[in-house]
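J.: quick one, structure for this:
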Amino acid sequence: MPKLIALLDRLNGLTTRWAGYAATLLLVAMLGIMVTHVVFRYVLNDSFGWTEELARFMMVWMAFLFFPAAHRQGLNASLEIATDWFRDSFPWRLLQLLLELCILAVLLWCIKLGFERIERGATTVSLSLGISMAQVYYVLPLSFALTALSSLERVLRLSHGLFFPHALPHAQDRSSTGSNAEV
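T.: Prediction:
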């Protein structure tokens, strides 16, 4: 199992890094588009109809591409005040595993829903850009699949750590300072 976890760790590191690069490029492009829109609208008293729609689509893609990296680093919302007293105990590790299994199940369901959204979006065209909405929705199964891979890594890591708590370091232990590192 440690070899599989290490393989998933490398794969998830690579995919989340590249998704983060793509999301950052989308952010820069979105900023450029919005600055252009503001200059044309308020300085030249002319505006483009497509800039707001394109920026909105880019923002959706950007958010969904950052989602796998956020989950991988354990940046989920959590209520630590209720669980700090039994952190790192067997019941804590078991609870973490059960929560991550639920998250993985929901992510797999969301992949299915993402493909359904693509099918429905194939018949709809955006107003300003004239592109198929399916192109906007392609990010859904992609993002959920990448996040599911990270979740699978966490499930395997937590399963192994349930009985061997000091055998493998958590992926987020290497990348964060420890605050909010667990779900």
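J.: now do the contacts for L127.
T.: By C-beta atoms under 8 Å, 6 or more residues apart in numbering, the residues touching L127 are E53. Where you see a C-beta, it was placed from the backbone N, CA and C, and this is true even at glycine.
J.: and it, how far is that from L44?
T.: As for L127, its distance to L44 is 23 Å (criterion: C-beta to C-beta, to the nearest Å).
J.: can you check A105 too?
T.: In terms of C-beta to C-beta, A105 sits 52 Å off from L44.
J.: biggest helix in this structure by residues?
T.: For the chain, the helix that runs over the most residues, judged by DSSP state H, is helix 2-38.
J.: from the contact counts, what lies against the helix or strand that that one is followed by?
T.: Note on helix 2-38: by DSSP states H and E, the next helix or strand toward the C-terminus is helix 51-72. Other helices and strands packing on helix 51-72, by 3 or more C-beta pairs under 8 Å, 6 or more residues apart in numbering; DSSP states H and E, are helix 2-38, helix 133-137, helix 139-163.
J.: how far does the longest one sit from the chain's center?
T.: Mean-position distance between helix 2-38 and its chain equals 10 Å (C-alpha atoms, centre = their mean, to the nearest Å).
J.: how many residues are close by Y138?
T.: A total of 17 residues lie near Y138 under the criterion other C-beta atoms under 10 Å.
J.: give me the residue at the spatial middle of this protein.
T.: Nearest to the geometric centre of the chain sits F67, at 1.5 Å (C-alpha atoms, centre = their mean).
J.: what sits against that one?
T.: Neighbour list for F67: 143, 146-147 [criterion: C-beta under 8 Å, 6+ apart].
J.: which one of those residues is nearest D84?
T.: Nearest to D84 among the contacts of F67 is T147, at 26.2 Å by C-beta to C-beta.
J.: what's the burial count for that closest one?
T.: 26.
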